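Peer 1: Let's see this in three dimensions:
(2 chains)
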Amino acid sequence: QKEVEQNSGPLSVPEGAIASLNCTYSDRGSQSFFWYRQYSGKSPELIMSIYSNGDKEDGRFTAQLNKASQYVSLLIRDSQPSDSATYLCAVNSKNTGNQFYFGTGTSLTVIP
Amino acid sequence: EPEVTQTPSHQVTQMGQEVILRCVPISNHLYFYWYRQILGQKVEFLVSFYNNEISEKSEIFDDQFSVERPDGSNFTLKIRSTKLEDSAMYFCASSEDPRVYTEAFFGQGTRLTVV
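Peer 2: Residues are numbered from 1 along each chain as shown, chains lettered A, B, ... in the order given. A predicted model of the protein is given here:
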């Protein structure tokens, strides 16, 4: 069983602060890593993908990957109330037929 | 912007009845998935589909489930005899090409309620 672990939270940050979300995975063969945002009752929305070690920035979002530590994180700068959602970490490996394994998600609340 | 579309958005069915959930993947995508999410739980993989056949399926995807691509654009999930525990959000997703690093995009989901 491929495990993807996330702190379920809830994580609360004030508006304008940096939110830091973390994820660990068990399968060393994992090759692709994704962050999805899910609002209550809605579908997962892809916000970041990362495939190699290091940082990847897209607007207010930065994904960080450390394959040696089997760790991937998401930083949200200048957090806004509209960022309040559950953030899902997903991991994909060609060894598993391209299915995506999801963590349980971290609930983020940005306080105005 | 291209998107995955699913119908219906909400389906209520009686236990033991058959349901068909429909999806139209993004047009140039080759790989299709069904996932489900029971209320308050994680997103769970059901099945992946590539080149007109099942690529992989999970333990959840037992004999009561089937998938089909009937006409080159639609992708369906059939549940033959629904159970109460099948109540969940069902998400269809698609990705461009499984042979390279790729992202999966999700439809808005079908909320299935079995009564």
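Peer 1: By mean pLDDT, which helix or strand of chain B comes out lowest?
Peer 2: Least confident helix or strand, chain B: strand B:53-57 with a mean of 92, by mean pLDDT, DSSP states H and E.
Peer 1: and for the helix or strand just after that one, what are the contacting residues?
Peer 2: Counting by DSSP states H and E, the next helix or strand C-terminal to strand B:53-57 is strand B:65-68. Defining contact as Cβ atoms under 8 Å, 6 or more residues apart in numbering or on different chains, one finds that strand B:65-68 is touched by B:34, B:46, B:47, B:49, B:54, B:75, B:76, B:77, B:78, B:79, B:80. Where C-beta positions appear, they are placed from N, C-alpha and C, glycine not excepted.
Peer 1: count of neighbours near the last one?
Peer 2: This means residue B:80. Neighbourhood size, residue B:80 [other Cβ atoms under 10 Å in any protein chain shown]: 12.
Peer 1: For the least confident helix or strand of chain B, which strands pair with it and how are they oriented?
Peer 2: Using DSSP bridges, strand B:53-57 pairs in its sheet with strand B:43-50 (antiparallel).
Peer 1: For the partner strand, give the mean pLDDT please.
Peer 2: In this model, strand B:43-50 carries a mean pLDDT of 94.
Peer 1: what comes up buried for that strand?
Peer 2: With burial defined by 16 or more other Cβ atoms under 10 Å in any protein chain shown, the residues of strand B:43-50 counted as buried are B:43, B:44, B:45, B:46, B:47, B:48, B:49, B:50.
Peer 1: Could you tell me how many residues sit around whichever residue of chain B sits closest to chain A?
Peer 2: Using Cβ to the nearest Cβ, residue B:56 is the residue of chain B that sits closest to chain A, at 3.5 Å. Using other Cβ under 10 Å, residue B:56 has 16 other residues around it.
Peer 1: quick revisit: could the contacts of strand B:65-68 be laid out in CSV, adding distance to residue A:19?
Peer 2: Listed next are the contacts of strand B:65-68 as CSV, based on distance: Cβ to Cβ, whole Å:
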residue, distance to residue A:19
B:34, 31
B:46, 31
B:47, 34
B:49, 36
B:54, 39
B:75, 35
B:76, 38
B:77, 35
B:78, 41
B:79, 38
B:80, 44
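Peer 1: out of those residues, which one sits closest to residue B:5?
Peer 2: Relative to residue B:5, the closest of the contacts of strand B:65-68 is residue B:75; by Cβ to Cβ it sits at 10.6 Å.
Peer 1: Okay, and the beta partners of the closest one?
Peer 2: Beta bridges link residue B:75 to residue B:23, judged by DSSP bridges.
Peer 1: for the chain, what are the low-confidence residue spans?
Peer 2: I went with chain A, as the question did not name one. A:1, A:94-97 (pLDDT under 70).
Peer 1: try chain B instead
Peer 2: For chain B, the stretches with pLDDT under 70 are B:98-101.
Peer 1: Quick check: residues of chain A near chain B?
Peer 2: Residues of chain A lying close to chain B by Cβ under 8 Å from any Cβ of the partner chain are A:31-32, A:34, A:36, A:42-46, A:49, A:51, A:88, A:90, A:92, A:94, A:96-105.
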